[in-house]
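This is a predicted model, with the sequence first.
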Protein chains: 2
Amino acid sequence: MKKVTVHVTLKQGVLDPQGKAIQTSLHSLGFPEVEEARVGKYIELHMEDDADIEARVKAMCDKLLANPVIEDYRFNVEEAVQS
Amino acid sequence: MKKVTVHVTLKQGVLDPQGKAIQTSLHSLGFPEVEEARVGKYIELHMEDDADIEARVKAMCDKLLANPVIEDYRFNVEEAVQS
């Protein structure tokens, strides 16, 4: 069993209203040192092992998890810790 | 200048309808090997350096970025790469 962690972030230059709202709120809450905030998604997948797992995850990102027009993604495959 | 990356994830046991929807969609798209998907937030902050930066970021998470009732968070502080 593998644990795959995927980070999906807005491309450089794409407006991030949610990040802007966080930055404004942090300023109001007394954290003026925050100059920029950007928000992305973090997705954890638990999946069966597969020789082709990197290609499979890439296909998942391209088809569903990220919007390649405005988002970048990166992922990491590791051994799942059994709980 | 520091770059702070924050991961906010639902606590173990909290229902994750968005993750469930991703899992179901991945199955429909031909990825039956995905046994679980969980979705969280990934936040990047660029901020002025501060001797107390860890405590400041912890306060931001507790006050705004995460809901400590249902979410866990972790963060990492690194040197920002100037672009």
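All right, it came through fine.

List, one by one, the residues from chain A near chain B.
Residues of chain A lying close to chain B by CB under 8 Å from any CB of the partner chain are A:1, A:7-9, A:19, A:22, A:25-26, A:29, A:31, A:33-48, A:50, A:56, A:59-60, A:63-65. Using the backbone N, CA and C atoms, a C-beta is placed for each residue, glycine as well.

And stretch A:55-70, how far out from the chain middle?
Taking the mean of its C-alpha atoms, stretch A:55-70 sits 11 Å from the chain's own mean (CA atoms, centre = their mean, to the nearest Å).

got the buried residues for that stretch?
Using 16 or more other CB atoms under 10 Å in any protein chain shown as the test for burial, stretch A:55-70 gives A:56-57, A:59-61, A:65-66.

In chain A, what residue spans correspond to strands?
A:2-10, A:34-47, A:71-79 (DSSP state E).

re the thing from before, just the buried residues of stretch A:55-70 now: which is nearest A:V14?
Checking the buried residues of stretch A:55-70 against A:V14 by CB to CB gives A:A66 as the nearest, at 12.3 Å.

Specify the beta-bridge partners of the nearest residue to the closest one once chain neighbours are set aside.
Leaving aside its chain neighbours, A:A66 sits nearest to A:Y73 (4.2 Å; criterion: CB to CB, 6 or more residues apart in numbering or on different chains). Beta-bridge pairing for A:Y73 (DSSP bridges): A:V8.

For A:Y73, give me its contacts.
A:6-9, A:61, A:65-66 (CB atoms under 8 Å, 6 or more residues apart in numbering or on different chains).

Would you mind measuring from it to A:L29?
Distance, A:Y73 to A:L29, using CB to CB, to the nearest Å: 30 Å.

Over to A:D72?
29 Å.

got it, and A:A21?
As for A:A21, its distance to A:L29 is 12 Å (criterion: CB to CB).

And for A:M1, the neighbour number?
Neighbourhood size, A:M1 [other CB atoms under 10 Å in any protein chain shown]: 13.
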